[in-house]
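In: coords please:
(2 chains)
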Amino acid sequence: GESVGLHLPTLSVQEGDNSIINCAYSNSASDYFIWYKQESGKGPQFIIDIRSNMDKRQGQRVTVLLNKTVKHLSLQIAATQPGDSAVYFCAENIGGGKLIFGQGTELSVKP
Amino acid sequence: GAVVSQHPSRVICKSGTSVKIECRSLDFQATTMFWYRQFPKKSLMLMATSNEGSKATYEQGVEKDKFLINHASLTLSTLTVTSAHPEDSSFYICSGSADETQYFGPGTRLLVL
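Out: Alright, predicted model coming up:
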């Protein structure tokens, strides 16, 4: 069936280091992917998105990479800061605006 | 832009009562809104898709008579948890769709005693 999953449920990094959060998806027909950040007790916050006709997209301190061959998505955060500590979800648009969320990765930034 | 609000942010109610949660898109019109449920340390689970002026579409396993959804305007959708029970305690999150991106509300924490 359709699923979007994450390789690592938790990730701990040192402040200033780069973070990489991974995600695998199973629906090869999906053409739109989004990364969300969720802080404790809050709703998900849009970070960056990417369409299937791209393999890389950059934002401010964040980069999303898409490898359609192996159905893999990653989020890279440069110079990770304590404020980046949160749970990060990848989401796959399966059509009709509906999203399937991955299980999430909890990022912890050590000062 | 693309701000979604929810009210209330948290609510405590007695078992057997009904609770209404409002979801508003503040600076855009959302023809489609989505309702999610999230348990602690878990991912978001889609409950239903709400389209303005029509009946909501519920995901498999979600009781439509228990979770009443109304999408009366392009900026407001409501979720009513009817005859709430302790197992309905959860974090409920709505989102509004603008183009293909979903923008999420801050969530409503429901505790049923």
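In: and the residue positioned nearest the centre of chain B, what pLDDT?
Out: In chain B, the C-alpha nearest the mean C-alpha coordinate belongs to B:Trp35, at 3.9 Å (Cα atoms, centre = their mean). With respect to pLDDT, B:Trp35 has a value of 97.
In: the stretch of helix or strand B:Arg37 belongs to and chain A in contact?
Out: Assigned by DSSP states H and E, B:Arg37 belongs to strand B:32-38. Yes: for a cut-off given as Cβ under 8 Å from any Cβ of the partner chain, strand B:32-38 has contacts with chain A, namely B:Thr32, B:Phe34. To be clear about C-beta, it is placed using only N, CA and C from the backbone, and glycine gets the same treatment.
In: now that strand: how far from the chain's centre is it?
Out: 5 Å (Cα atoms, centre = their mean, to the nearest Å).
In: what residues of that strand count as buried?
Out: By 16 or more other Cβ atoms under 10 Å in any protein chain shown, the buried positions in strand B:32-38 come out as B:Thr32, B:Met33, B:Phe34, B:Trp35, B:Tyr36, B:Arg37, B:Gln38.
In: which residues sit against that strand?
Out: With contact meaning Cβ atoms under 8 Å, 6 or more residues apart in numbering or on different chains, strand B:32-38 is reached by A:97-99, B:23, B:25, B:44-52, B:67, B:69, B:71, B:77, B:79, B:90-97, B:102, B:107.
In: so does stretch B:84-104 get close to chain A?
Out: Yes: residues of stretch B:84-104 contacting chain A under Cβ under 8 Å from any Cβ: B:Phe91, B:Ile93, B:Ser95, B:Ser97, B:Glu100, B:Thr101, B:Gln102, B:Tyr103, B:Phe104.
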